[in-house]
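Novice: sharing a sequence plus its predicted fold:
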Amino acid sequence: MSNMKNISDLVKNYEVKKTKITNERQYILSLFEEEVNKAREKAGYKPLSSKALAVKLGHLSTEDLKVFHSQCKNANNFNKYFWWALKVDR
C-alpha cells in the first residue's frame, strides 16, 4: 500500500485546458467539425481536422457560415447536405 499516491497529490497538478476558440468563426467551424466527424466515425472514416474543414469552408464569410450551418441542421441528414452543398460540378 505504500506505493499508492494520495488523491490530493494527483489533483494538485491538474490544469483545465482552455479551448482554442477565440472568435465567432472558430466557434461555428467547431460546430461543423462536431457534426461531420460524428457521421464520419459512424461510417468508419477518420475524423477531419479543424484545419481541413476551415480550408473547405474558407470561401464562405462568417455570416454565410451561420446560414449554411442552419441549412445543414434543418436538412434531414446534416452530413449528406453538407457534402452535397460543397460539391462543385466540374
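Specialist: Received it, and whenever you're ready, just let me know what you need.

Novice: can you list contacts of the top helix by length along the chain?
Specialist: What stands out as the longest helix in the chain, according to DSSP state H, is helix 24-43. The contact list for helix 24-43, computed with Cβ atoms under 8 Å, 6 or more residues apart in numbering, reads 20-21, 46-48, 50, 53-54, 57, 62, 65-66, 69, 72, 78-79, 82. Bear in mind the C-beta positions are built from the backbone N, C-alpha and C, glycine included.

Novice: find the centremost residue of this protein, please.
Specialist: Central residue of the chain (Cα atoms, centre = their mean): residue 33, 2.4 Å from the mean position.

Novice: on that earlier part again, would you mark the buried spots in the longest helix of the chain?
Specialist: Residues 25, 28-29, 32-33, 35-37 are the ones in helix 24-43 that count as buried (16 or more other Cβ atoms under 10 Å).

Novice: same question for stretch 71-83.
Specialist: Neighbour-count burial for stretch 71-83 [16+ other Cβ under 10 Å]: 72, 78-79, 81-82.

Novice: end to end, how far does that stretch reach?
Specialist: Counting by Cα to Cα, to the nearest Å, you get 12 Å between the two ends of stretch 71-83.

Novice: mind listing residues that contact it?
Specialist: By Cβ under 8 Å, 6+ apart, the residues outside stretch 71-83 that reach it are 32, 35-36, 39-40, 85.

Novice: pLDDT averaged over that stretch - what is it?
Specialist: Mean pLDDT, stretch 71-83: 94.
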